[in-house]
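Participant: Return a 3D structure for these sequence lines:
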Amino acid sequence: MLKNRAIIQASSRSEGNSRMIAKHINSNDKYDFFDLNKKEILHFDYDFNNRNDDFFPLIQELIAYDRWILISPVYWYTMSGRMKVFFDRLSDLLKIYKDTGRKLRGKSIALISCSEDEDLNEAFEIPVKLSAEYLGMNYLGHVHAVIRNGQLTDASKIDLKKFIEQQ
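Facilitator: The predicted structure follows:
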């Protein structure tokens, strides 16, 4: 039986802080895991010359899941470049893969960010929240996890537990 929840990690390090969070929230093996760093996803192209990359096959897999949890480190006050490229490519679902794009409606999406800083600009989640709204997806919110000395802080563990229990 296919699990109905997916973790989508978008970091430049497959085994970095984002992966630590993914392992932490998936200790009960409730989610399937996808690492965008292991995929070749090219930038959005108005001529759609990028059709042979890993984006559409990945979306075809992800479309089977009811809930997506995105995990991204904070790079220069925003999501990672890998996450941004992934979001830009969702445009393909509005232009050339419309039937697949329509299947996003009613699915749910949540966001986890991580950094060494406790303070995170509230604007971090806006692109995901508005994109979900535009695509007809249910936005389940955002939680920020703080990493200190290579470990999740106790407060972040509590915040993540509450956040995942709500999903």
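Participant: How much space separates the closest residue to residue 11 other than its chain neighbours from residue 37?
Facilitator: Spatial nearest neighbour of residue 11, chain neighbours left out: residue 18 (4.0 Å); criterion: Cβ to Cβ, 6 or more residues apart in numbering. Where you see a C-beta, it was placed from the backbone N, CA and C, and this is true even at glycine. For residue 18, the distance to residue 37 (Cβ to Cβ, to the nearest Å) stands at 9 Å.
Participant: buried set for the helix ranked longest in the chain?
Facilitator: When the chain is parsed with DSSP state H, its longest helix is helix 154-166. For helix 154-166, the buried set under the neighbour-count rule, 16 or more other Cβ atoms under 10 Å, comprises 156, 159, 160, 163, 164.
Participant: For residue 30, state which of those is nearest.
Facilitator: Of all the buried residues of helix 154-166, residue 30 sits closest to residue 164, with 8.5 Å by Cβ to Cβ.
Participant: Name the nearest residue to the closest one, sequence neighbours excluded.
Facilitator: Residue 164's closest residue in space is residue 25 (Cβ to Cβ, 6+ apart), at 5.1 Å.
Participant: thought the one you found was touching residue 69?
Facilitator: Yes: using Cβ atoms under 8 Å, residue 25 is in contact with residue 69, at 7.3 Å.
Participant: helices or strands next to the helix or strand residue 147 falls within in the packing?
Facilitator: Per DSSP states H and E: residue 147 is located in strand 138-148. For strand 138-148, the packing partners by 3 or more Cβ pairs under 8 Å, 6 or more residues apart in numbering; DSSP states H and E come out as helix 17-25, strand 108-115, helix 126-135, helix 154-166.
Participant: Residue 90 versus the residue of the chain most remote from its centre, what's the distance?
Facilitator: Ranked by distance from the centre of the chain (Cα atoms, centre = their mean), the top residue is residue 47, with 25.6 Å. For residue 47, the distance to residue 90 equals 17 Å [Cβ to Cβ].
Participant: what's the spacing between the residue nearest to residue 11 and residue 25?
Facilitator: Distance of residue 18 to residue 25, given as Cβ to Cβ: 11 Å.
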